[in-house]
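Student: Pasted the sequence and its predicted model underneath.
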Amino acid sequence: MSHTEDATTENLLTARGLQKSFGTNHVLRGVDLDVRRGEVIALIGPSGSGKTTVLRSLNGLETPDAGLLELDGGPHVDFGAEAAGVRSRTWAGRRAAARTVKANRAALRDRSAMVFQHHNLFPHRTVLENVIEGPTQVKRVPRATAIGRAEELLARVGLADKRDAYPHELSGGQQQRVGIVRALALSPDLLLFDEPTSALDPELVGEVLTVMKELADEGWTMVVVTHELQFARQVADEVLFLDGGVVVERGAPARIFSDPAEERTRRFLDRVL
Ligand code: ADP
């Protein structure tokens, strides 16, 4: 088996040639990604470089115009072929393409869970109700089982005593930790983080990063869009530097941060470090 095949078969998720435009704005220009089980990947790069769009493409929140996504044991999605199907001249062709898109998106979403920049908790539901919503409604987990698991996860992030609190009664850092617990409660194969600390006051960032680091140590597979370069340096197994919708450079954080090969990476790091 070739080296490439070897690498691909270990992957939990493989993305190839992802392309996405919003109107005339060509945001992703062919992005490849290999996520191996238990690995933490950090996506870094200037604002507008396409990091969030990559992340959202991985769980079906965005549909790329072209490219492939393959989840181990799950869907293999060829977005180019689907887009062609959606443009199909026959009604049956369009309907079949739409069904495939929907099924693949559902399958992708089913296997991953996203932690957003803003926690998106339901304001009129307690912490516990927020956490069990996904498992009971989406995954059809029995309520008692979901509550037991939620309590366990809340205890793990130091929030056992907040189970009956409402989101507005929590600090931003606590809210975001509940957001993480809500993602974990879905028992996903892949955790996606979209700048989870960038909306927080600086003094609250540490507690969220600590939880993320613990999850990495426990072996969760994570893709993290982050401006926290120290975190990327300490926790990530691989760092991808994006600029202008392409991966300019990828590699081990120790190398990327100390000895970037590309001028664009060097300029970015000089600016932000
Ligand atoms: P980053 O996460 O690196 O800051 P994004 O992926 O959020 O970059 O955005 C890349 C580009 O795509 C930006 O120019 C942004 O304005 C644009 N964009 C992102 N989402 C949408 C959308 N839903 N509609 C239109 N433009 C979008």
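Tutor: Right, received. Where do you want to start?

Student: Can you classify Ala261 by secondary structure?
Tutor: Using DSSP: H, G, I helix; E, B strand; the rest coil, the secondary structure recorded for Ala261 is coil.

Student: Check what pLDDT Val157 gets.
Tutor: Note on Val157: pLDDT of 94.

Student: need the residues of the protein near the ligand, please.
Tutor: For the chain, the residues in contact with the ligand (Cβ under 6 Å from any ligand atom) are 22, 25, 27, 45, 47-53, 225. No exception for glycine: its C-beta is placed from N, CA and C like everyone else's.

Student: What about those residues, which are in helices?
Tutor: In helices, defined here by DSSP state H, the members of the residues of the chain next to the ligand are 51-53.

Student: What are the boundaries of the strands in the chain?
Tutor: Counting by DSSP state E, residue ranges of the strands within the chain are 11-22, 25-36, 40-44, 66-71, 76-78, 112-115, 190-194, 221-225, 238-243, 246-251.

Student: okay, those in CSV with mean neighbour count and mean pLDDT next?
Tutor: Listed next are the strands of the chain as CSV, based on neighbours: other Cβ atoms under 10 Å; pLDDT from 0 to 100:
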stretch, mean neighbour count, mean pLDDT
strand 11-22, 19, 94
strand 25-36, 18, 97
strand 40-44, 26, 98
strand 66-71, 20, 90
strand 76-78, 18, 77
strand 112-115, 23, 94
strand 190-194, 22, 96
strand 221-225, 24, 97
strand 238-243, 23, 98
strand 246-251, 18, 98
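
Student: Looking at the ones in helices among the residues of the chain next to the ligand, spot the one nearest Phe116.
Tutor: Thr52 (9.8 Å; Cβ to Cβ).

Student: who's in contact with that closest one?
Tutor: Residues counted as contacts of Thr52 (Cβ atoms under 8 Å, 6 or more residues apart in numbering) are 194-195, 225.

Student: same thing with Phe241?
Tutor: Taking Cβ under 8 Å, 6+ apart as the contact definition, Phe241 lies against 44-45, 247-250, 256, 260, 262, 264-265, 268.

Student: Put the alpha carbons of stretch 209-229 into CSV.
Tutor: Provided in CSV are the C-alpha atoms of stretch 209-229 (Å, rounded to 0.1, in the frame of the first residue of the first chain):
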residue,chain,number,x,y,z
LEU,A,209,-8.9,26.4,27.1
THR,A,210,-8.2,24.2,30.1
VAL,A,211,-11.3,22.1,29.4
MET,A,212,-10.3,21.8,25.7
LYS,A,213,-6.9,20.7,26.7
GLU,A,214,-8.3,18.0,29.0
LEU,A,215,-10.5,16.8,26.1
ALA,A,216,-7.4,16.6,23.9
ASP,A,217,-5.6,14.6,26.6
GLU,A,218,-8.5,12.2,26.9
GLY,A,219,-8.1,11.4,23.2
TRP,A,220,-11.0,13.3,21.6
THR,A,221,-10.6,14.0,17.9
MET,A,222,-10.8,17.8,17.5
VAL,A,223,-10.6,20.4,14.8
VAL,A,224,-10.2,23.9,16.3
VAL,A,225,-10.4,27.3,14.6
THR,A,226,-8.6,29.5,17.0
HIS,A,227,-6.7,32.8,17.5
GLU,A,228,-5.2,31.4,20.6
LEU,A,229,-1.8,30.5,19.1
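
Student: now it, how far from the centre of its chain.
Tutor: In terms of Cα atoms, centre = their mean, to the nearest Å, the centre of stretch 209-229 is found 11 Å from the chain centre.

Student: Likewise for stretch 87-95?
Tutor: Stretch 87-95 sits 32 Å away from the centroid of its parent chain (Cα atoms, centre = their mean).

Student: Now that stretch: average pLDDT?
Tutor: In this model, stretch 87-95 has a mean pLDDT of 78.

Student: Could I get the pLDDT score of His3?
Tutor: The score at His3 is 44. That number is its pLDDT.

Student: ok so, going back, nearest to Ala113, of the contacts of Phe241?
Tutor: Using Cβ to Cβ, the contacts of Phe241 come closest to Ala113 at Ile44, 21.6 Å.

Student: Wait, the closest one touches Leu242, no?
Tutor: Yes - contact criterion Cβ atoms under 8 Å: Ile44 and Leu242 qualify, at 7.3 Å.
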